[in-house]
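# 3D model of this:
(2 chains)
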There are 2 protein chains.
Amino acid sequence: MDVQEDQTLAEGYKLKLNSYDLGVDIELADAIQRLRFEHPEVRAVVISSLKPRIFCAGANIYMLGTSSHAFKVNFCKFTNETRCALEDDSRHSGRRYIAALNGTASGGGYELAIACDEIYLVDDGNSAVSLPEVPLLGVLPGTGGLTRLVDKRKVRRDRADVFSTLAEGLKGKRAKDWGLIDDTFPTSKFQEAVDERVAQIVHGRDSNVAQPSPFIPLAEGGKKSGIKLNPLEINSTDDTREYKYVALKFHREKRYADLTVRAPESDLPNSLDEIQSLGDAYWPLRAYRELDDALLYLRVNEPEIGLVCLRTEGSVDDVLAVDQTLAANRDHWLIREIILHMARVLRRLDLTARSFFAIIEPGSCFAGNLLELALASDRGYMLNNPDEKLEIATGELNAGALPMSNGFTRLQSRFLAEPERIDEILNGNAQHESPRTAGKMPARRYDTEAAEEAGLITFAPDDLDWEDEIRMAIEERTSLSPDALTGMEASLRFAGPETMDTKIYGRLTAWQNWIFQRPNAVGPNGALTNYGKPTKARFDYKRT
Amino acid sequence: MDVQEDQTLAEGYKLKLNSYDLGVDIELADAIQRLRFEHPEVRAVVISSLKPRIFCAGANIYMLGTSSHAFKVNFCKFTNETRCALEDDSRHSGRRYIAALNGTASGGGYELAIACDEIYLVDDGNSAVSLPEVPLLGVLPGTGGLTRLVDKRKVRRDRADVFSTLAEGLKGKRAKDWGLIDDTFPTSKFQEAVDERVAQIVHGRDSNVAQPSPFIPLAEGGKKSGIKLNPLEINSTDDTREYKYVALKFHREKRYADLTVRAPESDLPNSLDEIQSLGDAYWPLRAYRELDDALLYLRVNEPEIGLVCLRTEGSVDDVLAVDQTLAANRDHWLIREIILHMARVLRRLDLTARSFFAIIEPGSCFAGNLLELALASDRGYMLNNPDEKLEIATGELNAGALPMSNGFTRLQSRFLAEPERIDEILNGNAQHESPRTAGKMPARRYDTEAAEEAGLITFAPDDLDWEDEIRMAIEERTSLSPDALTGMEASLRFAGPETMDTKIYGRLTAWQNWIFQRPNAVGPNGALTNYGKPTKARFDYKRT
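This next block holds a predicted model:
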C-alpha cells in the first residue's frame, strides 16, 4: 500500500502517501473515487506524506528514465486524469483538498499539491517546493505542473520561469510571496495549524471557502450514507474481456476491438432508497466503472488496437428510463456522484488515443447517456434499413450533465457552426416522442434518416452496403499512421473553447510528448537517461 | 518569383501563386505586408494559382521529407505566422481575402485557403480540396489546417475526421455541404463569379460582409495613399548584425546574443503628413521591421543561440513621444497599420523558441511600446543603483494596442492573479507623472524599486552584484536542455485564455512537432521519408 487512508476527524479525511510513482497514482485515483462514494460526509481531505521526503519524484524519475515512450505518455495522461478528478471533486462536491507538505514536495509531488485547493508547507529550514524537471531531467513538469502554476495559481510568468528552472526550489516566505504555497508553519505548529484549517472548513467557519451547495450531503445524526465500491468482476479469455455490462472483443490481427455496452435491465429502481441499497450494482455506476476499466485496459495492455468500434445492446427505453431517474434525482448526493462519474469516464474516452467508430445497428441503444458514446466517437455509422426498427435518442443527460474537458457538451462541440440546432435536436423537431416521457426534457427519438438529417451520425449505409462499408472503414482506419491519428484526433475532438484541463492535455502534454522523444532527454546523453548515474547529460544545444 | 501580384480591379488585388512551398510563404508574407502599406485602398484580395494544380503541397512534401527537424518546425511556425498575419489584416483592416481555387487545393494549399475569408472552388469534375497529410504522409495538416477546419470553419468533427483521412479530398457539392468551401462554379463561369464577388465587396453591395470601419482608407479621388516598403539596410560581421535601430551581437561560445533596440531621434514628426512622407523611415515602422528581421534571422541562422538578452538604448522621453503620436492618430490608416505591425512583431517574439531576458541598465528606454519587450521576456533584470537615474515607463500602447496571440495584453497575462493591479500600474500609484503627458493616458515612470514593487521586473540586483548575477543567470540558462526550455516557455508564456491562434501554435504545432520526430513519419520506413519513392511506408502500429 502506497497510500494510507485515515479518517481521524469527524468530517475530515487524511491520505498519506508513501512514495510518489505510478503505484501511488493508481491508489490515489482509487482512494479519491472511493471517498466520493463511501464517505459523502467528508468535507476536507488532507494529503500528506508518511516519510520526510515522500512528496518527491524519486521513484517517478527512475520509472520515466527506463520506460518506453508509450508508457511515459500513458502514465502522464493517467496522472493528469487523477488530478483533474480531484479538482472535479473539489469543484462539484464541495470537498476541499489540502496539501499538508510535511517535507519537501518536488516534481510530481508538488504537481499533486497544486491540484489541491490549498497548500501548506512546513517551515523547518529545509523543506521546499520545487519543479526540478527542466534543470535536472531535461523534461517538463508535464502532469499539469506548468499549466497549473500560471493558470490555476496564477503565479507571475517570470517567477514561474525562475521557479521552474531552480532545481532546489523555494522555501517558506518566498514560496508564499510568489504564490507557490498558501502558508508555511514551523514544525512544532504544523500539525496544529493544518488541523485548525480542517476544522474551519468542516465547521463552515471560513467565509472565504464557498459553502457546500445544497446538494452536499452532511452526516445526518452521525449516520454514514455512503455506499461501498466493490472490485469489478471480470472474465477474460485470449480474445475477450467480459464485465457484467461491458464486453471487449479483440480482433488483434485486424488491429481493432469491439467495445459493447449493454443496457440496464428494465426493472431498475426509481426510488433513492432502492438505488442506495443497490449501491455499486446500480447500472449507471457499474456500467461506467466497467467502461472506465475497459478504456484503461485498452490503453495500457493493447497498444496495437488502433480502433475501437463502440456498440450498445439493449432497449432504448431502458436507457432512457435510467436517465430520467438520474435527472429527476440529480440533487441527491449519490445520483450527483454517479452522474459526475459518468462524465469523467466519458472524458477519459475523449482523451483516449485510439480511434472510435460508433456502429449503430438494430438491437442497439444509443440513447441518452449512451448516445454520448456515439457523440464522442470520431465517426458514427448507422444502418439504413427501413424494414428494421433502429433508433437513437436524446434525453436530458445530453443537455449539460456530461460535459467534455472543454466545458462544452458533445452536442455543443459537434454543432459549433449551428448552435441553434442543439435546441432543435433536444427539444423539438423530433420524430416520435417517447411514450415514457415524464421529466422536463422529453426524450427525442431519431430513426436513421432523421439522425442523418439532424447531423447526429456521419454515414448511413443501406443494408446492401453496410458490411462492406464497415469493413473498409475499419481496414482504412487501421492502415493509417497511428501517430498522425493521435495528433489528428487530439486536434479535431477539442474544437471550441480551451480550459485549464484541455490546456494540460493539449498544449502541455503535447510538448511533453515531444520532449519525451528528444535525444536531449532520452538519448544516450540525455538528461533523463543519465539522471542518478555517474555519467552526465550532454546536450545538443540547437534550439527548435 | 513564386508569387505574382496583379492589381486589376480598382480596389481589388490578385495574388497568383506558382507553387506551394517555403519560397511561396516568404513571398506571400512579403506581399501581404506590402499590400497593407502600399495599397491601403485595396478592399478585396483574390488568391489563385498560375498552374492548374498549384495549390498543392508537392514542393512542400519533398522539402519536409528531406529537411531537418528544426527546419520543419521553423517552417511550420513561419507559415502559421503568415496565415495569422493574413487573418489579422482581414480582422483589423477590413480587407477581404478570397481563395479562388482554379484547381485542386491540397495540403498546404488548402490550409492557405482556409486562412482566407471565402473559398470558391472550380467545378470541373476534377478539382478538389484535400488535406492528405495524415493518409499520405503520416503527419498533420499542421500549419493551422486541423484547427481552422473545426474552429474557424466549424466543420462538424466527424466530417473533419473523414475529410482529413481522405487523400483524394472532396469536390464540388459535398465540399460545399460540409462547409469546406463556400461555393463552387463551373469552369466557364468561375472567373466571372469570382470577379462579381470582388465587385460586391469593393462596392459594398454585400450586407453580409462587414463594412470597413471608419478608419479604413478609401482612395480619395483616385489618389493612392500608400507608402513604399524598401528593403532593410543591414551590415553584418561575423559577430554582429547591424540595422539602423536594431543591433544583434552574438556571443556564440556562450550561446547567447544581445539584441538592442535603439530609441527614435527626438525630432520625430507629430503630423500625419510628415509621417507619411517619412514613410518606411519612420521609427516605429523601421525599428519593428528590423526587429522582425532580427528575430527571423536568429530562428533560422543561429540555432545554437539559446538566450537573447533584450536591451534598449536611448531616451525614455523619445519613445513615449512616439507612442503619444501613435495613440493620438490611431484612427488613421497608416498609424493603424504601423501599430498592427508592431503587435505582430511582438507576437513573433512571444512565439520565438529562445529564452529572452530583459536587461535594464542606465541609458536604456524600456518605455511604452519598448516596455513590451521587457514584458514579453521570460525574466527582467533591472539594476538597482540609487546613484544612477534608471526608469522604465508605461504608456497608452501598453493598454491594449499590442495584444498577444491569446488576446490579452502582456500586462493582463502577467497579472492574471491581480487584474486590478493593471489599472494601478497604467493609471495611478505611479511615482512621477511624465511632464510630456498630453494624451488620455499619461505615461507612468518607475524607478527600480518602484518597478520591482509593481511587479514589472523579476530581479533588481544592486551594482555590486549586477555583473555576477547577470553572468550567472546567462550561464545557468544556456546550460539547460534547449528542448525542455522550448516546451516550458511555450507553456508559461501563454497563461490565460486560448484563441484559435494559440490553439494552432500550442496544441496543433506541439502535436505536429511530436509527429515530426516519430519513426512512423521520419524513420527509414516512415511515410514522409518514403513519399514519392518506390518503397512504401511500414508503420509500428502501437498507439501512443
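
# could you report the neighbour count for the residue of the stretch 251-400 of chain A found nearest chain B?
Closest to chain B within the stretch 251-400 of chain A is A:P303: 4.1 Å, counting by CB to the nearest CB. No exception for glycine: its C-beta is placed from N, CA and C like everyone else's. For A:P303, the number of neighbouring residues by other CB atoms under 10 Å in any protein chain shown comes to 20.

# same question, the one 10 residues further on
Residue neighbour count, defined by other CB under 10 Å, stands at 14 for A:E313.

# wait, doesn't it sit right on A:P362?
No: in this structure A:E313 lies outside contact range of A:P362 using CB atoms under 8 Å: 10.4 Å.

# residues making contact with the helix or strand where A:A247 lies?
A:A247 belongs to strand A:246-251 when assigned by DSSP states H and E. The contact list for strand A:246-251 (CB atoms under 8 Å, 6 or more residues apart in numbering or on different chains) reads A:239-242, A:257-262, A:287, A:290-291, A:293-294, A:297-298, A:302, A:305.

# quick one on the thing from earlier: the residue of the stretch 251-400 of chain A closest to chain B: what secondary structure?
coil (DSSP: H, G, I helix; E, B strand; the rest coil).

# for it, give me its contacts.
A:P303 neighbours (CB under 8 Å, 6+ apart): A:A70, B:K542, B:R543, B:T544.

# now, of those, which are buried?
A:A70, B:K542, B:R543, B:T544 (16 or more other CB atoms under 10 Å in any protein chain shown).

# ok, which residues in the stretch 151-300 of chain A are in contact with chain B?
Residues of the stretch 151-300 of chain A lying near chain B by CB under 8 Å from any CB of the partner chain: A:151, A:153-162, A:164-165, A:179, A:255.

# at 6 Å instead, please
A:D151, A:K154, A:R156, A:R157, A:D158, A:A160, A:D161, A:S164, A:R255 (CB under 6 Å from any CB of the partner chain).

# assumed A:L15 was part of a strand.
Yes: assessed by three-state DSSP, A:L15 belongs to a strand.

# surely it touches A:V46?
No: applying CB atoms under 6 Å as the test, A:L15 and A:V46 come out as separate, 7.2 Å apart.

# looking at these two, which is more packed in?
Comparing A:L15 with A:V46 by other CB under 10 Å, the one with more neighbours is A:V46, at 24 against 20.

# how much space separates the more buried one from A:G145?
Distance of A:V46 to A:G145, given as CB to CB, to the nearest Å: 21 Å.

# how about A:M472?
Distance, A:M472 to A:G145, using CB to CB: 44 Å.

# those two: who's more crowded?
Neighbour totals were compared for A:M472 and A:G145, and A:G145 leads with 27 against 11 (other CB under 10 Å).

# now the nearest residue to that one once chain neighbours are set aside. Its backbone dihedrals?
Leaving aside its sequence neighbours, A:G145 sits nearest to A:E111 (CB to CB, 6 or more residues apart in numbering or on different chains; 4.3 Å). Torsion angles at A:E111 (phi, psi; degrees, to the nearest 10) stand at phi -60, psi -40.

# in the stretch 351-500 of chain A, where is pLDDT below threshold?
Counting by pLDDT under 70, the stretch 351-500 of chain A shows low-confidence ranges at A:429-440.

# strands paired with the strand holding A:A247, and their directions?
The strands beside strand A:246-251 in its sheet (DSSP bridges) come out as strand A:240-242 (antiparallel), strand A:256-262 (antiparallel).

# can you classify A:R471 by secondary structure?
helix.

# quick one: it from A:E253, how far?
Distance from A:R471 to A:E253, by CB to CB: 14 Å.

# okay, and the helix or strand of chain A with the least pLDDT?
Of the helices and strands making up chain A, the lowest-confidence element is strand A:432-433, at a mean of 48, by mean pLDDT, DSSP states H and E.

# can you give me the helices in the stretch 1-150 of chain A?
A:22-38, A:58-66, A:69-93, A:108-115, A:145-147 (DSSP state H, counting those that start in this stretch).

# also the stretch 401-544 of chain A?
A:410-414, A:420-427, A:448-454, A:466-479, A:482-492, A:500-503, A:509-515, A:519-522, A:527-530.

# mind putting these into JSON lines with distance to B:V202?
Output for the helices of the stretch 401-544 of chain A, formatted as JSON lines (distance: least, CB to CB, whole Å):
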{"stretch": "helix A:410-414", "distance to B:V202": "37"}
{"stretch": "helix A:420-427", "distance to B:V202": "32"}
{"stretch": "helix A:448-454", "distance to B:V202": "39"}
{"stretch": "helix A:466-479", "distance to B:V202": "45"}
{"stretch": "helix A:482-492", "distance to B:V202": "36"}
{"stretch": "helix A:500-503", "distance to B:V202": "41"}
{"stretch": "helix A:509-515", "distance to B:V202": "42"}
{"stretch": "helix A:519-522", "distance to B:V202": "53"}
{"stretch": "helix A:527-530", "distance to B:V202": "58"}
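
# right, I'll call it a day here.
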